[in-house]
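Q: Dropping a prediction and its sequence here:
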Amino acid sequence: MSTDAPVTNRLDAERIEALIDARFPQIHSGGRTLLIEEAGQHNARVRLKHHERHTRPGGTVSGAAMFTLADFAVYVAIIAALGEVGLDAVTTNLNINFLTKPEPRDLVATVRLIRLGRRLAVGEAQIYSDGMRDMVAHAIATYALPTRDR
């Protein structure tokens, strides 16, 4: 992984969740379904708990729910790497490929940051149905990072 940005103030999953609850509580509007399971130096693991609001006709998880999971999981990895300043990062692009029809169950996204530069971060999210081995979606997200003092 390439990194140009100074990496300081790394946060664990519990601290990231507390920061998001304080600064971005609307992500849990309608109930808490996004759970941060792990957050590391350049990675994260986030679970989307199954809920009927994520199920579309045909009995599968909606693309919008998978998109939200991928976007949020990359955001968590950025916050884990940059600390509280990462909360101000914004999505500039997210490309997702839906690979197979997931069953209506929890989804888990594993993320690794591919690049963490001064202005942009790029992360890869792999999404799996809980307990299944085949990937259901793959996403690449780019985030604009807040300006930081050097």
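A: Nice, I can see it.

Q: Give the rounded mean pLDDT of stretch 39-56.
A: Averaged across stretch 39-56, pLDDT comes to 92.

Q: I should have written stretch 122-139 there, sorry.
A: Confidence over stretch 122-139 (mean pLDDT, whole number) is 97.

Q: Put the alpha carbons of that stretch into PDB.
A: What follows is stretch 122-139 as a C-alpha-only set of coordinates in PDB (Å, rounded to 0.1, in the frame of the first residue of the first chain):
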ATOM      1  CA  VAL A 122      -8.500   4.700  -2.200                       C
ATOM      2  CA  GLY A 123     -10.000   1.700  -0.600                       C
ATOM      3  CA  GLU A 124     -11.200  -1.700  -1.800                       C
ATOM      4  CA  ALA A 125     -14.300  -3.400  -0.200                       C
ATOM      5  CA  GLN A 126     -15.100  -7.000  -0.500                       C
ATOM      6  CA  ILE A 127     -18.700  -7.900   0.600                       C
ATOM      7  CA  TYR A 128     -19.800 -11.400   1.600                       C
ATOM      8  CA  SER A 129     -23.000 -12.800   2.900                       C
ATOM      9  CA  ASP A 130     -22.300 -13.900   6.500                       C
ATOM     10  CA  GLY A 131     -21.200 -17.500   6.600                       C
ATOM     11  CA  MET A 132     -20.800 -17.800   2.800                       C
ATOM     12  CA  ARG A 133     -17.500 -18.100   1.000                       C
ATOM     13  CA  ASP A 134     -18.400 -16.400  -2.400                       C
ATOM     14  CA  MET A 135     -18.100 -12.700  -2.600                       C
ATOM     15  CA  VAL A 136     -21.400 -11.000  -3.500                       C
ATOM     16  CA  ALA A 137     -20.000  -7.500  -4.300                       C
ATOM     17  CA  HIS A 138     -16.700  -5.700  -4.900                       C
ATOM     18  CA  ALA A 139     -16.200  -2.000  -4.600                       C
END
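
Q: got the buried residues for it?
A: Buried residues in stretch 122-139, defined by neighbour count with 16 or more other Cβ atoms under 10 Å: Val122, Gly123, Glu124, Ala125, Gln126, Ile127, Tyr128, Ser129, Val136, Ala137, Ala139. C-beta: built from backbone N, CA, C; applies to glycine.
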